[in-house]
Structure formats: structure tokens, C-alpha cells
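**Q** can you look at this prediction? I've put the sequence above it.
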4 protein chains.
Amino acid sequence: MFEVRTDLAVEENERITKAQEEAKGITVTEEDFEEEQIHITTVRITTENGAKQMGKPKGTYITLEAAEMIEDDEDYHREISKRLAEILKELIPVEDSGKRGVQRGVGSQSREDSENIERKSSTHFAEVNQNIDKKEEIGTSILVAGLGNRLVTPDALGPQVADNLYITRHIIKEFGRRAYENEQVQPISAIVPGVMAQTGMESQEIIAGIIHEVQPDYLIVVDALAARSVRRLGRTIQITDTGIYPGSGVGNHRYSITKETTGIPVIAIGIPTVVEAATIVYDSMSTLIDELAHAESLQPLKRSWGKLTEAEHRNLIRELLSPQLNHMFVTPKDIDAEIKRMSYTISEAINQAFCG
Amino acid sequence: MFEVRTDLAVEENERITKAQEEAKGITVTEEDFEEEQIHITTVRITTENGAKQMGKPKGTYITLEAAEMIEDDEDYHREISKRLAEILKELIPVEDSGKRGVQRGVGSQSREDSENIERKSSTHFAEVNQNIDKKEEIGTSILVAGLGNRLVTPDALGPQVADNLYITRHIIKEFGRRAYENEQVQPISAIVPGVMAQTGMESQEIIAGIIHEVQPDYLIVVDALAARSVRRLGRTIQITDTGIYPGSGVGNHRYSITKETTGIPVIAIGIPTVVEAATIVYDSMSTLIDELAHAESLQPLKRSWGKLTEAEHRNLIRELLSPQLNHMFVTPKDIDAEIKRMSYTISEAINQAFCG
Amino acid sequence: MFEVRTDLAVEENERITKAQEEAKGITVTEEDFEEEQIHITTVRITTENGAKQMGKPKGTYITLEAAEMIEDDEDYHREISKRLAEILKELIPVEDSGKRGVQRGVGSQSREDSENIERKSSTHFAEVNQNIDKKEEIGTSILVAGLGNRLVTPDALGPQVADNLYITRHIIKEFGRRAYENEQVQPISAIVPGVMAQTGMESQEIIAGIIHEVQPDYLIVVDALAARSVRRLGRTIQITDTGIYPGSGVGNHRYSITKETTGIPVIAIGIPTVVEAATIVYDSMSTLIDELAHAESLQPLKRSWGKLTEAEHRNLIRELLSPQLNHMFVTPKDIDAEIKRMSYTISEAINQAFCG
Amino acid sequence: MFEVRTDLAVEENERITKAQEEAKGITVTEEDFEEEQIHITTVRITTENGAKQMGKPKGTYITLEAAEMIEDDEDYHREISKRLAEILKELIPVEDSGKRGVQRGVGSQSREDSENIERKSSTHFAEVNQNIDKKEEIGTSILVAGLGNRLVTPDALGPQVADNLYITRHIIKEFGRRAYENEQVQPISAIVPGVMAQTGMESQEIIAGIIHEVQPDYLIVVDALAARSVRRLGRTIQITDTGIYPGSGVGNHRYSITKETTGIPVIAIGIPTVVEAATIVYDSMSTLIDELAHAESLQPLKRSWGKLTEAEHRNLIRELLSPQLNHMFVTPKDIDAEIKRMSYTISEAINQAFCG
């Protein structure tokens, strides 16, 4: 049977009422940042009952929606990166170095600044004491996995985020955080595991193996998602502390990547980049039938249609769906440029949160 | 008002009846190649009246349809390349060199063979007499323009075709066709003009300028097209001797590239790589309404719907279309791999037709 | 015979003495910008005699040398872009619009600013009066040609510069300069002509054709060059108003691109990205022989070597050069990152000079 | 002190005499394949004494040299792939399935054939019995690691090989070898670990982690190497069963990847793609001095030079080496095309050896 697919919790939430929420161990809070036109919804599922009701595991699901995010407005994106960085810092409480280097304001945390860190630090290597033995000197180690297929544009979000991260683990491992002017820098590592057709392995297998060897404290996975509504493409960022589940993502992961399968906390960041073609047709037709049933001149239809069961409605629509649509995606015309832009928004947020 | 867009003549033809055709200076012939599962439709518009009726200029429109073209079957593609090469040779009658080198069968004209030509010839350069003054020694000069945006996957067909052509003009210009073992090689040149946002110029301006300077005998333009039906994506090749018209192509050309604007005959080769998202929704809804009207249990609807005019039907559907769909394309999930494969099918056809 | 190759005038100048200069219609001026560590040498060849002496046509040859340019220091590059923009503005006196929009300081002319221009202007299109008929409203039209092979890293400088330009011609042609908040914006167009093996045409043919059709006022050509000394790789920018000559560039142009061949003034911008491998060996061996001849313990050698003629010296070295070296380049290990960085330095300079 | 660097055993061997060999637990065998112009040298180090003498661990070092490999001759490369496949099959004895499917000759094992395997097999999936529990049904699992930096052309050999492998592990894991018509297919997986600046991790850490999780039977590592002589660039393939050692490779690995560090046998395949610039200068100067000393007219030099010690010779040369040369590579002018071609030669060899 046709199933409308979405990877976005916020799209599934739409059917839960406020009353239901509280009764069932689900809390929803909303925040509006008017100047930046950012809307943040936080869904917390705190009981097994709530998890069952939502069809999702216990945990925190944060959705950041930005009306104009899709537009090419560098300053605005900086604001999104800043909010996302704040969310990440709440989800990943990092080890304080006990010392502060040159303090730098968040406003200046642009890509250029990340580059400045690197340059300044490299001149410090020689002077750095190599006696690194305390957690305080090493910080909180974070592995970022950029999921998806680098060669398929709408699935390339994760790999492109990984490409633009400010990587520090190898430096800190050798010289300690004192190698950096700002000693709040955390050790960041990154991997692009590729997709199964390229590697013969599940992303989960590759990541679990690396975690076993490298022993990071946290895993951040970044992935391109499928949404139900074209309205959300490139306008929504979903952050959750529950990891990634089978069937999600543009490339359809088969294994879960969670605390249970990796042994460490997993923060998942996703942006919807496609809608399955069948979904937009299904939705349009549902709306059409609804409209027809309400049209003044179509009162007889309203009655006929009303005689059909919900299941009959679904069957009728499903039969009309071209099987070819199953292999089709709907994407924005400028998806290549958008993926590039959105990947910077995410990589800058991670850079700010842990190397800012 | 919403207009269903298609760049494919074969999709527009669907409404013309056989009787109408003959009356109006339109002839349609069809050929089936069962073994290869290729179907070729040739529409010839021979009078102004026919042109008016079809909404297209006088000329020949050839559509090559291959059910399985989209699949990754190298041998089959070779067959499509072979048919396409034959069509190109009919549309572009080339200059015979009067001599024959080592004759090579069509069956061996794969990509590897093209590379063999180059290698053999390069060892011949030294011996070649440089006294080149006769048309017979130079052949029929063909410029291939790969239209579209290299950086936007579904629009990159033209640039990728240009990348894989066997380029000979510079060699023949210096050493004559005797530089090649097969002296039927024609002088081929190629340009990727880019898109207006990259160059500030229309493709037509760039191509016209180059033609003025380089004086080729023929222009072949290759472009990615928009189709009306997802069923045609990657399964149809359109070849026409009328060139390219404003509004066509994934990137929406604004100026025409025709014999009138360039001064030389223009052969256009196009493959549909996208459907506008609004189109699939429109089509699905039209079908739904049709089905509803025929459903046993919906006889009253049939009557109500029947009372609405055609225009009212269109309006109702149009209102339901999300404006966001205007910026959306429907593409196959593996569009990156398909563009690569289809570009080889076309480049090999051109290589075989003029350098085989 | 072995010829040490260089595309840099400043490397050829090294043998000209001050006295010779003035006598022969050659003037050399030097400027030092200490804070930015930039050294600018301007050679003006004003007479045919001087041209003969220098082995270069009459014109202005400006060399901008920056000790640290090769390092990844974003701020410093901004200073180089600023100096280069000033040089370009002197060589290309542009048409003033007669009006000034929001004036913006040079200090803010970063890549982000260029993007801001675009965004602001796009909201103005609707209000713009389309009656564009005066030169004042159109400005000075500049075509930028990014020479070289996009697929060969050290030769990709020109194409990458073209990719990052702020393109305005198509907007100004339709809406006039009033479309931009800063009405000093000039109409910029760009072309990446590719190399002969890809196109079958000389870059010069393609560019001349486009100039014929599009009628720009100035041509800027950007190209990767071969230097004689590895010390200059990525540290020198050469700007000249005499265009490009046969044999120059990493890709070895065969035709000149000059005012004579294109009909409009040609400004050439080049950065050395390779040294021919044979050159570094030749130079090292020359130095060795020189050293040997001076070594205290090698007095007899000094006399023996002294008995050989200059030609005998050259012959001896030439015989030792491996013929394989002819197909080899010397490039920095991180040439991919450097080309990217240097291309931004140039594209930003052009953006600032004509769209700032 | 200046050290001439080479990753090629065959270049180090040049100083070992035949007599020395046998005495020291080193055996050298040579084979010539005249038709294909391939020369294969096999060095076996069998004792600790031999290992000490050679400065390399015990094991087998095979060098495949092909005079014309660098040229664009597709058929010839196929022969190299075939020989390399034979070598790999000797080093990795695979599990026989006990059954034979459609036997296919080696001559047809081209890239197209690999693709055919995939297509045929995919139609078989449905019928395949999923009860897979015996080693015989799973085969010998091989992980291929493509070392190096995808974005730095001469270092991209490994990643490009991985991109073109025929990946089977995920299919065999799910359906057994019966999924393939040729049941001798082995389960192949692949990883591109990236370089430390991109990941913050050593390649060795990533690979060891994946091996821990995925448990392959063998590891093949593919890497671009540094040679001493430009004559070897792209003309030599080195295969060894001792893995990879610190300091080797274009990107200079810091940790070893061997049976000791990974727990499974490691086959390393390398092709030299660069020579350090200082090396060619050093070599040329050594030759020059040698020549000078022999020149008829320079008898006095011979004597003076002879009075200097070997160390004084080295010092003299070293002082002449420009320190900038340390950051320079010598590469062929068409390195981009060569890397692509050589990566196919290796990936086809692996495809033939284990999926042919």
C-alpha cells in the first residue's frame, strides 16, 4: 500500500493535540525569533507511552524552521548557524579547558574566522608542551559522520558538511588544546562513510568500527531527509538526540545509528532535500477530492464521496499513481546551489559550537 | 494561467489525427526496431499551414524512443547510439574524402575505438603532407554546442556530451584528413557556452560569434529538455533540423538558435531529463477527475462534473496547485548516473556518425 | 636546443641594467607597500627600440609580488585583491554613471559584499525604468576570458576565476545600471573557452568570435603561467596591457590575443603555477658549475671550466637533461588548494574594480 | 640532511648485488612478457638478516614495469590488468564456491563485463535461497582501502580505484554467492578513509576500526607513491604482502597498516605518481659531477673532485638545493588523465581477480 513518507517529526506531530500531548508524556514548546524569522519547536517524548503514541523513541526532537533559509542571504544564514550552534551546545555539554584564550564574540564566527584559528594556532605548535594527559587538556571528542552519496546531489548534504568542518582532533591529540589560541576548542574528527553500493558496508558498520577504534565521546550524524511537503524543502533543520532509524534519509538507511548500536550518544542533524514524487501527487489529489466535496455546484459529489470509506478513497488515489513515480524525486530547480548553501549553515554551526 | 510545458514534439503531436495530418502538410512515419526495442517517429512539417497547426516551424522532427534506455545496459545503448548516428548522417550529408582508410565495422565503434583512432593518428602526423587546400581534404566542418549548466545535474547533459566528443578540427586543419587512418573523419569542434548567469551572455550570442569566426558547415546543439510525462524521462531522444526556440530546455533559452540566427543549418538533439512538478500534479488530478466521473458508485459526480465547463475544470485544478511547485522539478532518483549514461549515448552517436 | 622558459617579464628584466633602460625607451618604477609586504614593479616599454631590446611588444608590464601570498591568510589576500583592483582601474578607465548609489568603502569589498549587491539589486528590478539608451546607463562593457584547462589543476586558474566573477552584463542590458544600488557597476561578461584538445578551436578564435558578436569595450584574459623560478610560484601576479602571445601559458597558446587580433584593448592577468621540470635542473646545474669554479679546493677546475666556451657549457648541461623531464612540471604539493585561493584573489580584484 | 626519497623497493634494490642476495635470505626472480612489454621483478626477503640488509620487513615485493603503460592504449592496459590480477590471485588464495556458473574467459573481463555481472545478478535476487551459513557460500571477504586525498590530483589514485570497484559484499551477505551467475565472485567491500587534515584520524585508525566491525579476511590498500626517478612515474606498479609503512605514500602516512596493526593479511598496491622536486635536482647534479670528472678536457677537475670526500660531495650539492624545492613535486603534465587511466588499470585487476 502507498505510504506517505516523511523523515520529519514535525510533520508527524501535526496530528497530535495539545491535550493528548500532556497526558502521554509528550511536551511541546515553541519559540519565535522574530528578527531572524526563525521558529523553533521542541518535542520531548519522556515516557514509553508517549513514544508509542508518536511512533518514535523517547528523546528530544528539535525543529528549526526559517522561512527564508532557502534564499541566498548570507547574513540570515549566519543567524541560523548561531541558533543551531546554541542547540548543539545544549545537547553536547563539552569539557571546559579551565582556561580562556582570546575570547571571541559569536558575531564574528564566520567561515573566515574558523580559518583564522587554524593559521594562528599553527605558529604555536613549536612552543606547545607535549605533556597531554588530562581530559581537561583534550576536551570532549566529537566524531561527525556525513551520511549520503557524494555523487547524488540531493543526498550529498552530509558529505559536503564534513568537507567544510574545522578538524582538530589530530592537532589536539598531538599538542593539546593549548595549540589553539582559544582553548575551548574541542577535538573534532569527521568521516564520510559513503553508501552501501559504493562500500558494500552499512554506514552503521563503518561508523561503529571507527568509534570502537577512536573512542569519541559523542557522534553527530548529518543526513539529507525526505519531507512530505515541498514547503519544507531547505527550510527546516531537524535535530534530535535519538540518532537515525532504519528507512530514514534520502538514501534509506537500513540499520539504526543510535546510542544502542554505537555505545555513545548520537545527535542527528537533518535537512529535507527531497519529497517523493508520489507524495505530492497524493497530497494534491486528496486536497482536490476535499475541495470537490465542498464545491457549491458539486453537492451530489459530496454525498457520493461520503458514501465511500476512507479506505476506498485511498485505494482510488493509489490506483491513479503512476508506478514510475516511485523512482522519482521532487527537488528545487537549484538544488545544487542549495545543498552547498545548507551544508555551510550546518558546518558553520558545528564549527561555532565546538571550535568558536 | 497554468500551462503544461513540454519540449517534446511527440507529446504535442498526440492530439493531431491522421486525417488532419495529411490535409495540413504534415506527414508522420513510424518505424519499429523490435530487437533493439526502439521506436522511431518522424514528423515532417512541409507547409506553413502545417507549421501553424503544429505550433512549430517547418522541418523534420524525429523521436527515438527506447523502452529500456534508462537502464544500465551498455550493449543496448550501443544500439541506440548506432540508430542515432544513422539519423544524424541523413540530416548532415558529409563530404567524402574520395579515399578510404582502414574500414571499420559499425559494431566496433565503441568508446575504446574512438580512442584508438586518436592514438594511431598521432603517430602519422610527421609523415603528413601539409598542403591542404581542397574541401575534399578538409571534410564537412561540424560545431557541436553542449547547452546547459554544468553544475546543475539535470541541465548538464549538453556539457557532458561535449566533454566526450572526439575532437578533430584542429588536427585536420593542420594536417588534413590524411592524419587519420580512416579518412572519412570530419572536422569536429565543440563549445560549452555556459548559461547566462555564468557568462552574462545568451548561448545564442556566444555560438553565433564562434560561427562567424570559425565558419563551420553545420551546428549541432545538444540540450536537456522538459517533458510532460515522467514516462519519457531518459527514454526519448528528439532530433530536429529546426534548431532551438525560446522557452525550451531545462534552462529556458531566451533566444532562438536556428539557421536564421546563425546562418548555417542547425540540428538539435534533446533528451528530456525533468518534468515540471506542477505538471505531474496537474496530470494526476485530471486523471482522478476523469476516473471519478466514471466510477460506478459516483454517478452523481459524473453529472455534476459534467455541468462544469472545461475552463471551470482547469480553474479548479489550478487553484489547488501549490505555488511552490513552480520552482520544483521531478527527476529520477539516480539522475546523476543517468545523465552520465545518456551523454555517452549521444556523444558516441556523434563520434560514430562523423569520425567512425 | 634547450630553452629556459618563462612567461614572466620580471624574470626577463633581470638582465637589463638601469642605464640600458633609459637609453632604450624602457622605464622601470618600483613601489613597496611595507605593511602588506607587496612589491610592485612597473616596466613601460615606450619605443620600438625598447621593445626589440626586451623581446616584448610596447606596453605596460606590472608585476605584483607578495612574499606571503601563497599562505592561507585571508586578510592578506584581501590586500592583494585591493592593490590589483587599483591597477585594473588604472588600465581600464570606466564610464561613470553620473550618479552614485550607496557608497561602499573598499575595506568591505569581500566576496560576501559582492553577493549582497546581487541580492539587493534583484528586488529593484520591478521598479527599474527599461528605457536604456545612453552609454552612461550601460557603462563600460568588459569581457573576462578564463583561459586554460579546467581539468588540469595547474592550468585551471583562468576557469576558476571566471566561475567566481560577479556577472552583470545580462542584467544591465535589460534594466540598466539602475538595477544596482551602486550605479558604478559595469557590465561584466565571462567565457571559459576551454583548450584546443577539448574544442578543436584556438582560444583566440572563440574569443574573437564572441567579441565580434557581443561588442565589449575591453577584454581581460586570465591565465596560468610558467615561471623560471619555483620561488615565484603563486607569489607573483603579472598584469599587462599587451595581451597574450604565442607560446605563453601553462597550456601553450598558439595564437596571440591582442588588440590587433581582437580589435579591443586586452589586459592580461597571469599567475605562475608551474616551472618546467627541465628548468629547475638546468638552473641547479648552472649554479653548481659556478660554485665548483669558485671552490677553494677546485682551482684547477676553475681554469679547465674557464677554457670551455659558454656554448660548450650549455651543451654539457643539455646532454645531461633527461628527455622525460620535457613532459614534467614542478608544482607545489598543495597546488589544488592554491589554485582555488589564487583564483579568489583575482576574481575579487575584478569584482571590486568594476562592481565594487 | 637531504635524503633521496623513494617508496619503490625496486629502486632500493638497485644497489644489492646478486651474490649479496643469496647470502642474505633475499631472492630475486625476473620475468619478461615480451608481447606485452611487461617486466616483473619479484624480491622475496626470507630472513631477518635479509630484512635488515634491505631496510624492509620480510615479505614479497613484486614490481610490474610496463614501458608504455603511461600511454593511452586501452588494450595494453588490459594486459597489465590481467597480469596484476594473476599476481593478486597468488597473494590472496580465495575460497572456492564448489560450483561454477557460466565460465567467462579472462579476455572479456573489461569494465563492461563487470557491469554485466551486476545486471544479470539483480534479476536473480528473488529466487535466491537466503539460507547462507557456510563459508563456501560466502567466499573470501576482501576490504579494499583507497588511501590518499581525493582533492589532490597526484594523491587521488586510491580514492579513484575505490570508486571503480565492483562491490559485492552487501549482496553476497544477503543472498549468498548464488546471487551471481559466476559463483566464484568474492565479497568485496571498499572504503576511502580520506587524509588526516580532512578526518582528524589516521587512515590506519579508520581501517582498523572497520576491520574490527566488518571482519574481512584480507585487506588491499591502494596508494599513490613517490619515486626517485621520473622514468618510473606511471610506469611501475608495486605489489607487496607486507602492508604500508610510516613515511610512505604521496601523503606521507604516519602509522603502519600491516598484519600486526590490523590483524589480517595486508596486500599493498602502489603506483608512483610524483618525484620530490629536490630529488631530480640532486640526481642531475650527481650525474653532472660524474660527467665533469670524466670529461676529456677536465682532467684536472677529476683530480680535484677526487680529493673531496663523498660527504663533501653531498654537502656541496645539498647547499645548492633551494629550500623551496621541499614543498614541490614533479608530476607529468597530464597527471589528471593519467591518474584516471591508472586507477582503471588497478580497479579492473581487482575486479577480474575476485569477481571475474
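**A** Looks like it arrived, so ask away. Numbering: from 1, shown residues only, chains lettered A, B, ... in the order given.

**Q** wait, isn't residue A:37 in contact with residue A:66?
**A** Yes: when contacts are counted by CB atoms under 8 Å, residue A:37 is listed as touching residue A:66 (6.3 Å). All C-beta spots, glycine's among them, are computed from the backbone N, C-alpha and C.

**Q** now the strands for the stretch 151-300 of chain A?
**A** Listed in chain order, the strands of the stretch 151-300 of chain A (DSSP state E, counting those that start in this stretch) span A:188-191, A:218-227, A:236-240, A:266-276.

**Q** show me what the last one is packed against.
**A** What that stands for is strand A:266-276. Counting contacts by 3 or more CB pairs under 8 Å, 6 or more residues apart in numbering or on different chains; DSSP states H and E, strand A:266-276 packs against helix A:74-91, strand A:218-227, strand A:236-240, strand A:328-332, helix A:335-355.

**Q** just to revisit the earlier point, who's more crowded, residue A:37 and residue A:66?
**A** residue A:66 (23 against 15; other CB atoms under 10 Å in any protein chain shown).

**Q** mind checking how far the closest residue to residue A:25 other than its chain neighbours is from chain C?
**A** Leaving aside its sequence neighbours, residue A:25 sits nearest to residue A:47 (CB to CB, 6 or more residues apart in numbering or on different chains; 2.9 Å). Distance, residue A:47 to chain C, using CB to the nearest CB, to the nearest Å: 47 Å.

**Q** correct me, but residue A:47 touches residue A:58?
**A** Yes: taking CB under 8 Å as the definition, residue A:47 is a contact partner of residue A:58 at 7.2 Å.

**Q** in terms of neighbours, single out the busier of those two.
**A** Taking neighbours as other CB under 10 Å, residue A:47 and residue A:58 compare with residue A:58 leading, 17 against 12.

**Q** just checking, residue A:81 touches residue A:342?
**A** No: Residue A:81 lies out of contact with residue A:342 (CB under 8 Å); the separation is 10.7 Å.

**Q** which helix or strand in chain A has the lowest average pLDDT?
**A** Between all helices and strands in chain A, the lowest mean by mean pLDDT, DSSP states H and E belongs to helix A:111-122, at a mean of 38.

**Q** next structured bit after that one?
**A** On the C-terminal side of helix A:111-122, the closest following helix or strand by DSSP states H and E is helix A:135-138.

**Q** tell me which residues of that following helix are tucked away?
**A** Within helix A:135-138, the residues that count as buried by 16 or more other CB atoms under 10 Å in any protein chain shown are A:137-138.

**Q** next: stretch A:31-41.
**A** Those would be A:36, A:38-41, for stretch A:31-41 by 16+ other CB under 10 Å.

**Q** which stretch of helix or strand covers the closest residue to residue A:44 other than its chain neighbours?
**A** Nearest in space to residue A:44, with sequence neighbours left out and distances taken as CB to CB, 6+ apart, is residue A:27 at 4.7 Å. Remark: residue A:27 resides in strand A:26-33, with elements defined by DSSP H and E.

**Q** other SSEs contacting that strand?
**A** When contacts are defined as 3+ CB pairs under 8 Å, 6+ apart, strand A:26-33 packs onto helix A:18-23, strand A:38-45, helix A:48-54.

**Q** change it to 10 Å
**A** helix A:9-13, helix A:18-23, strand A:38-45, helix A:48-54, strand A:59-66, helix A:74-91 (3 or more CB pairs under 10 Å, 6 or more residues apart in numbering or on different chains; DSSP states H and E).

**Q** now tabulate the ones you listed in a markdown table and tack on mean pLDDT.
**A** Shown next, in a markdown table, are the helices and strands packed on strand A:26-33 (pLDDT from 0 to 100):
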| stretch | mean pLDDT |
| --- | --- |
| helix A:9-13 | 71 |
| helix A:18-23 | 63 |
| strand A:38-45 | 91 |
| helix A:48-54 | 82 |
| strand A:59-66 | 92 |
| helix A:74-91 | 85 |
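
**Q** deepest of these, which one?
**A** Using mean count of other CB atoms under 10 Å in any protein chain shown, the stretch among these with the largest mean neighbour count is strand A:59-66, at a mean of 22.

**Q** residues in the stretch 51-200 of chain A within reach of chain B, list them.
**A** Residues of the stretch 51-200 of chain A that fall close to chain B, judged by CB under 10 Å from any CB of the partner chain: A:70, A:149-156.

**Q** how about those, which pair is most distant?
**A** A:70 and A:151 (23.1 Å; CB to CB).

**Q** wondering if stretch A:329-337 reaches chain C at all.
**A** No: taking CB under 10 Å from any CB as the criterion, stretch A:329-337 and chain C are apart, separated by no less than 11.9 Å.

**Q** buried ones in that stretch, by neighbour count?
**A** Buried residues in stretch A:329-337 (16+ other CB under 10 Å): A:329-336.

**Q** again, but for stretch A:199-215
**A** A:199-211, A:213-214.

**Q** if we can go back for a sec, between residue A:47 and residue A:58, what contacts are shared?
**A** Overlap of the contact sets of residue A:47 and residue A:58 (by CB atoms under 10 Å, 6 or more residues apart in numbering or on different chains) consists of A:25-26.

**Q** how close does the closest residue to residue A:346 other than its chain neighbours get to residue A:143?
**A** Closest residue in space to residue A:346, ignoring its immediate chain neighbours: residue A:161 at 4.8 Å, by CB to CB, 6+ apart. For residue A:161, the distance to residue A:143 (CB to CB, to the nearest Å) stands at 13 Å.

**Q** got it, and residue A:182?
**A** Taken as CB to CB, the span from residue A:182 to residue A:143 is 21 Å.

**Q** the more surrounded of the two?
**A** Counted by other CB under 10 Å, residue A:182 and residue A:143 do not tie: residue A:143 has more neighbours, with 27 against 17.

**Q** beta partners of the more buried one?
**A** Per DSSP bridges, the residues bridged to residue A:143 are residue A:189, residue A:219.

**Q** just give me the neighbour total for residue A:326.
**A** Neighbours around residue A:326, by other CB under 10 Å: 12.

**Q** list the residues that contact it.
**A** Listed by CB under 10 Å, 6+ apart, the contact partners of residue A:326 are A:2, A:276-278, B:333.

**Q** what's the closest of those to chain D?
**A** residue B:333 (16.0 Å; CB to the nearest CB).

**Q** got phi/psi on that closest one?
**A** phi -60, psi -30 (degrees, to the nearest 10).

**Q** roughly how far does it sit from residue A:274?
**A** In terms of CB to CB, residue B:333 sits 8 Å off from residue A:274.

**Q** between the two, which contacts overlap?
**A** A:154-155, A:250, A:328-329.
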